[in-house]
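Q: this one's sequence-less:
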């Protein structure tokens, strides 16, 4: 829908630009533009059609303002369709919770923080008793499997960071 609207706007803007360039080049304006200019010049402001047109433009403008200020569905990740007529989505918070729980199942993991963006999953892990390379390898395998298991339309790339806990005191 956005592509169709953009194409129509591009065609309309190109038509207006061509007509203005033709008038600047001392050629006559297009007939529709002459008729439109004459209608605007002759109709009084309290005419019914002028008021209806102004109302329609005001409602469209208000609708566009409402659409510009609403957050939309950025918090929902689209899932792979199992059937052509079914569409599903997964909330980011739910997906990050799944990844966090799967990471906590790995041996040696003390705590996990997951930030799930639109394209990337950033996983920060504190490991307390195993070698960091072994924990990282296990996390990479487990989380890659978990991301595939989410069934997202565009699977996220993983960024796994493993560190030791800080010193107390």
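A: Alright, I've got the coordinates. This is a predicted model, so every value here is computed, not measured.
Q: got the domain boundaries for the chain?
A: Per automatic domain parsing, the structural domains of the chain span 2-69, 77-163.
Q: Let's have these in JSON lines, adding mean neighbour count and mean pLDDT.
A: Heads up, the C-betas are built off the backbone N, CA and C, glycines and all. Shown next, in JSON lines, are the domains of the chain (neighbours: other CB atoms under 10 Å; pLDDT from 0 to 100):
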{"stretch": "domain 2-69", "mean neighbour count": "10", "mean pLDDT": "91"}
{"stretch": "domain 77-163", "mean neighbour count": "15", "mean pLDDT": "93"}
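Q: Give me the nearest residue to residue 129, chain neighbours excluded.
A: residue 108 (5.5 Å; CB to CB, 6 or more residues apart in numbering).
Q: Now do the same contact list for that neighbour.
A: Contact partners of residue 108, counting by CB atoms under 8 Å, 6 or more residues apart in numbering, are 127, 128, 129, 130, 134, 135, 138.
Q: Give me the distance between the fifth one and residue 141.
A: What it means is residue 134. Residue 134 sits 11 Å away from residue 141, taking CB to CB, to the nearest Å as the criterion.
Q: Quick check: neighbours shared by the two?
A: What both residue 134 and residue 141 touch, as defined by CB under 8 Å, 6+ apart, is an empty set.
Q: element containing the most centrally placed residue in the chain, please.
A: In the chain, the residue lying closest to the centroid (CA atoms, centre = their mean) is residue 74, at 5.5 Å. Residue 74 belongs to no helix or strand when elements are defined using DSSP states H and E.
Q: swap in residue 149?
A: Element membership for residue 149, per DSSP H and E: helix 132-150.
Q: mind listing what the next helix or strand after that helix pairs with, with the direction of each?
A: Next along the chain after helix 132-150, taking DSSP H and E as the criterion, comes strand 157-163. Its sheet considered, strand 157-163 pairs with strand 120-127 (parallel) by DSSP bridges.
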